[in-house]
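Participant: give me a 3D structure for the following:
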Amino acid sequence: MNWLKFVAIPLVLSATAASAEVAVVVHPSNAASLDQAEISRLFTGRGSAFNNGSKATPLNLAESAPARAEFDTKVLGKSSSQMKAYWSKLVFTGKGTPPKELATDADVKAAVAADPGAIGYIDAASVDATVKVVGKF
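Facilitator: The predicted model follows:
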């Protein structure tokens, strides 16, 4: 029975950590209002501008980042493997280019803080005053 504690506790803790909240962030000066459908449109290449008309530059986290899988599932409604297949098809047919990938939350925050047209997502715990949250999922 003691061995069960050593197995069950880490599993519960890892399951809790895996479902962290994801914050979609933009430059603090960006006045666009975004809902989940608008965010999904930008990150799937079906749109290239915010609803206020300004150009949008979506930024993805690397495939290995836990927040990437959460974002794909919660916001885009697809698994990471489905999104990879989606973008592979668009790239192969010449109909799209996936968002630029950055390695860490800090990299996404820095890029969004430096570019008024950028939109990205990070773990909600990483949010600070350098970016503006437009949605939490």
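
Participant: where does the residue nearest to S40 when sequence neighbours are not counted land on pLDDT?
Facilitator: Closest residue to S40 apart from its sequence neighbours, by C-beta to C-beta, 6 or more residues apart in numbering: L76 at 5.4 Å. C-betas here are computed from N, CA, C, even on glycine. pLDDT recorded at L76 is 97.

Participant: how about L76, phi and psi?
Facilitator: The phi and psi values for L76, taken as degrees, to the nearest 10, are phi -90, psi -20.

Participant: what sits against it?
Facilitator: S40, F43, T44, M83 (C-beta atoms under 8 Å, 6 or more residues apart in numbering).

Participant: now render those residues as CSV, adding neighbour count, distance to D115 and secondary structure.
Facilitator: Converted to CSV, the contacts of L76 look like this (neighbours: other C-beta atoms under 10 Å; distance: C-beta to C-beta, whole Å; DSSP: H, G, I helix; E, B strand; the rest coil):
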residue, neighbour count, distance to D115, secondary structure
S40, 16, 21, helix
F43, 24, 16, helix
T44, 19, 20, coil
M83, 22, 23, helix
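
Participant: mean confidence score for the helix or strand harbouring L42?
Facilitator: With elements taken from DSSP states H and E, the one containing L42 is helix 36-43. Across helix 36-43, pLDDT averages out at 97.
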